[in-house]
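> Give me a 3D structure for the following:
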Amino acid sequence: MNKYDVLKKMFGFSEFRTGQEEVIDAVLDKKNVLAMLPTGMGKSLCYQLPGYLLGGTVLIISPLISLMHDQVEQLRMMGERKAVALNSFLKSDEKRNVIRNLEEYRFLYVSPEMLRSLQVREKLKKMNISLFVIDEAHCISQWGHDFRPDYLNLGHVRAEIGNPPALALTATAVKEVREDIKEFLQLHHTDEFIYSVDRDNISILVEKTNSFFEKRKSLLRHATSLKKPGIIYFSSKRLAEETADYLSDQGIGGVAAYHGGMDQEQRILIQQQFIHDQLNIICATSAFGMGINKENIRFIIHFHMPSQMESYVQEIGRAGRDGEASIAILLYSPGDEHLHYQLMNYELPDDSHIESYVAMIASNRKEELMSNVNMSETQTRFLEHHFTSIKNRVEMVDHIKNARDLRIDHKMKKLKQMKNWLEELNCRRSHILALFGEDSKQPPNLCCDLCGFDITHYRDTTKQIDKQILSWEEILQQLLLPATVNE
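Here you go, the predicted structure:
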C-alpha cells in the first residue's frame, strides 16, 4: 500500500489537510521533523499513517493520560488492535502484561514520566522503534506554556534506545520554543514545517465587564443563546464546578464540569459524553480539550483570561474543526490578571521552600522535607529539576532562586503580552499573527470585535423557531403541565 491507500482504507479520507502530506513524506524518508500545525489540522495523522508503512513500533510521548486514552480509543474504533497506552491508569497486572509484550504493538503511547522506568527503557532498547513522536512538543521547552521537566530528558532517552527518527508536533510554539525543542531532543539536520496559527473561521470577541456578577450574567446570556456544543474555560477548579451547577440551575441542559482534580474514570466518561453529543457544554480548566477529536464545537468562552497568548490560541483552536463558523469569547473584568499572580505563588517555590529544600537534601533528610514542608507538586518538580549540586549550600540556594526569578519574569512578560492584546485598538487577529512572527493578511469577514461582526450569526435560533410554530393550545398545555404533575 502507498500513503493514499492507507489514507483512504484506514482513515476514510480522500485527501490530506494542510501540511499533513509534507510532514508525512519527510517522516517516511526517515528524517527528523519539527512540525507546527494549527490546532484541529490533524497532527495525529502525521504519525499514525506512517505507522502502517514504516513497520516496527511508533513510540508516542504524550502529556496527558486522557489524551492517550482518547487516541488509543480512536485507533481501536478504526479496527486497530495493536495500540496501547502505558501509563499509571493501568492496573499492576495490566501494566506488567503490556510491558512484557511491548514489541507486539504498532502504536505505543507513554507519558514522559513512564520513561523514568529502567525496565521500560531496557525493553525499548530491544525493539524496532521506527518513529519517536513527541506530542505537544512545546512542553519540552522551559519557555513553553506547559513546562514539564520530564520532557527535558527525552533527548537522552531517544539516544539510549538507538536514536530513531523523531517527529516533534505542536500547534503553538514561538521561535524560541522551537529552538529549545531541537536542542533538548538533540535534533540535527531537522526538516521544519511551520504553518500559520490562524483559523479564519473562528471569530474573536473580547467582552469587558465591570464585576464578577456582570461577567456571570454575560456568560449565562451566551451559554443560553449560542449554538452548541461549547467549552467554557476557567482558571479555578472550584469555579468550573460552581458554574456548571449554576448553568444547570438556570435551565441549560447537558452541562458538566471537568478538571484535573476529578477521578480519572469520571474525566474519561465526561470526555466521551461530550464527544458523542451527550453533553452540550463543558465548564473546564485547561486540562480539558487537548487531543479531543470533536469537529463541531461552536464556541469557546474564557471566563478567566489565560496566562499567555500561546495557551489562548491553542484553546480557541478547539472550535470549528469542521471549517464551519465558530466564535471565541473572552470575558474580562479589571483585575482578572491577579489570579495568575496567585497561581505563580502556587506553582513556584518561595524563598523558605528553597532554603528548606536545599538544607534537608544536603542533610539527607528528604523524607522529613516531604512530610513537614507544605509544597505543591509543581513546586517540588521545579526544585528537583534545578537542584544540581550540594557543594555549596549558599550557591545552590542562590542558583535556584535565580532560576525561579527568571521563570517569574518570563511569566510576567507573557501575562503582559496577554493584557496588551486585551487593550488592543486594532485587529486582534493581526496582533496574534505578529506575536507568532507572521505577517498580517486580509482579515476574514467575521474577524473580531474590533473589525466588527454581528454576534447573532452564532446564535441558536432553533428554540425561537419552535416557539413561533406552537399553537396557543399547545402553549397553554405547556403552562398547565407543571401544575398537573405537582398534583
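
> Let's verify the residue most central in space within the chain: helix, strand, or coil?
With distances taken as C-alpha atoms, centre = their mean, Met290 lies nearest the centre of the chain, 3.5 Å away. The three-state label given to Met290 by DSSP: H, G, I helix; E, B strand; the rest coil is coil.

> and it, how far is that from Arg96?
28 Å (C-beta to C-beta, to the nearest Å). All C-beta spots, glycine's among them, are computed from the backbone N, C-alpha and C.

> quick one, strands of the stretch 1-150 of the chain?
33-36, 57-61, 83-86, 107-110, 129-134 (DSSP state E, counting those that start in this stretch).

> right, I mislabeled it, should have said the stretch 251-400 of the chain
Under DSSP E, counting those that start in this stretch, the stretch 251-400 of the chain gives strands at 255-258, 281-284, 299-302, 326-332.

> Helices along the stretch 351-487 of the chain, start to end?
All helices of the stretch 351-487 of the chain, identified by DSSP state H, counting those that start in this stretch, fall at 351-362, 366-372, 377-386, 393-422, 428-435, 462-469, 472-486.

> Check the contact between Ala256 and Leu269; I expect there is one.
No - using C-beta atoms under 8 Å, Ala256 is not in contact with Leu269, being 9.3 Å away.

> out of the two, which sits in the busier spot?
A side-by-side neighbour count of Ala256 and Leu269, using other C-beta atoms under 10 Å, places Ala256 first with 22 against 14.

> check contacts around that one.
Counting by C-beta atoms under 8 Å, 6 or more residues apart in numbering, Ala256 makes contact with 244, 270, 273-274, 279, 281-283.

> go again using 7 Å as the cut-off
Going by C-beta atoms under 7 Å, 6 or more residues apart in numbering, Ala256 touches 244, 270, 279, 282.

> Pop the domain breakdown of this structure in here.
Per the record, the chain has its domains at 3-194, 202-336+452-463, by automatic domain parsing.

> So for Glu395, which of the ones you listed sits nearest?
Across the domains of the chain, the minimum distance to Glu395, taken as C-beta to C-beta, is reached by domain 3-194, at 20.7 Å.

> And that closest one, end to end?
Length of domain 3-194, first residue to last, C-alpha to C-alpha, to the nearest Å: 22 Å.

> okay, now Leu37: neighbour count?
Residues lying near Leu37 (other C-beta under 10 Å) number 23.

> ok, it - contacts?
Going by C-beta under 7 Å, 6+ apart, Leu37 touches 19, 43, 171, 195.

> Considering the residues you listed, which possesses the most neighbours?
Tallying neighbours with other C-beta under 10 Å puts Lys43 at the head of the contacts of Leu37, with 25 neighbours.

> residue ranges with poor pLDDT in the stretch 201-350 of the chain?
Along the stretch 201-350 of the chain, segments meeting pLDDT under 70 span 291.

> rerun that using 90 as the cut-off
For the stretch 201-350 of the chain, the stretches flagged by pLDDT under 90 are 236, 260-269, 271-272, 286-295, 314, 321, 334-335, 337-348.

> Can you show me the helices along it?
Using DSSP H, counting those that start in this stretch, the helices of the stretch 201-350 of the chain run over residues 212-225, 237-249, 264-275, 309-316, 338-347.

> Could you single out the most deeply buried of those helices?
helix 309-316 (a mean of 23; mean count of other C-beta atoms under 10 Å).

> still on that earlier bit, a markdown table for the strands of the stretch 251-400 of the chain, including distance to Glu265?
Shown next, in a markdown table, are the strands of the stretch 251-400 of the chain (distance: least, C-beta to C-beta, whole Å):
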| stretch | distance to Glu265 |
| --- | --- |
| strand 255-258 | 13 |
| strand 281-284 | 17 |
| strand 299-302 | 26 |
| strand 326-332 | 30 |
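
> winner for burial among the ones you listed?
For the strands of the stretch 251-400 of the chain, the largest average neighbour count (mean count of other C-beta under 10 Å) is found in strand 281-284, namely a mean of 26.

> Give me the contact list for that one.
Applying C-beta under 7 Å, 6+ apart, the contact partners of strand 281-284 are 223, 228-234, 240, 243-244, 247, 252, 254-259, 274, 288.

> Pull up the pairing partners for it, direction included.
strand 230-233 (parallel), strand 255-258 (parallel) (DSSP bridges).

> For that strand, what is the distance to the chain centroid?
The chain centre lies 14 Å from the centre of strand 281-284; the measure is C-alpha atoms, centre = their mean, to the nearest Å.

> that older thread, kindly reformat the strands paired with strand 281-284 as a markdown table containing distance to Asn364.
Listed next are these as a markdown table, based on distance: least, C-beta to C-beta, whole Å:
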| stretch | distance to Asn364 |
| --- | --- |
| strand 230-233 | 43 |
| strand 255-258 | 41 |
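
> so which of the ones you listed comes closest to Ile455?
The closest of the strands paired with strand 281-284 to Ile455 is strand 230-233. By C-beta to C-beta, the value is 13.7 Å.

> need the contact list for Phe132.
59, 158, 164-166.

> Can you tell me the number of residues neighbouring Ile161?
Residue crowding around Ile161 was assessed by other C-beta under 10 Å; the count is 19.

> Around the spatially closest residue to it that is not a sequence neighbour, count how many other residues there are.
Spatial nearest neighbour of Ile161, excluding adjacent residues (C-beta to C-beta, 6 or more residues apart in numbering): Leu124 at 4.6 Å. Leu124: 24 surrounding residues under other C-beta under 10 Å.

> Likewise for the one 4 residues further on?
When neighbours are defined as other C-beta under 10 Å, Asn128 has 11 of them.

> Same question for the one 10 residues further on.
For His138, the neighbour count with other C-beta under 10 Å is 28.

> For His340, see how far away it is.
In this view, His138 and His340 are 19 Å apart by C-beta to C-beta.

> Glu355 now?
25 Å.

> can you check Glu179 too?
Remark: distance between Glu179 and His340 (C-beta to C-beta) = 26 Å.

> buried set for stretch 188-201?
Judged by neighbour count using 16 or more other C-beta atoms under 10 Å, the buried positions of stretch 188-201 are 190-191, 193-201.

> Next: stretch 116-123.
Of all the residues in stretch 116-123, those buried under the rule 16+ other C-beta under 10 Å are 120, 123.

> again, but for stretch 124-135
Neighbour counts over stretch 124-135 (16+ other C-beta under 10 Å) mark 124, 127, 129-135 as buried.

> what's the most distant pair in those residues?
Spatially, the most separated pair among those is Met127 and Asp135, at 19.3 Å (C-beta to C-beta).

> Confirm for me that Cys447 is in contact with Arg429.
Yes - using C-beta atoms under 7 Å, Cys447 is in contact with Arg429, at 5.6 Å.

> Comparing those two, which residue is more hemmed in?
For Cys447 and Arg429, the more surrounded residue by other C-beta under 10 Å is Arg429, and the numbers stand at 22 against 19.

> and the more buried one, what is it in contact with?
Counting by C-beta under 7 Å, 6+ apart, Arg429 makes contact with 198, 204, 443, 447-448.

> The same query, at a cut-off of 10 Å, please.
Applying C-beta atoms under 10 Å, 6 or more residues apart in numbering to Arg429 gives the contacts 198-200, 202-204, 440-441, 443-444, 447-448, 450-451.

> among those residues, which ones are buried?
Buried by 16+ other C-beta under 10 Å: 198-200, 202-204, 443-444, 447-448, 450-451, out of the contacts of Arg429.

> Just flag the most distant two among these.
The most distant members of these, if one measures by C-beta to C-beta, are Arg199 and Leu450, lying 17.3 Å apart.
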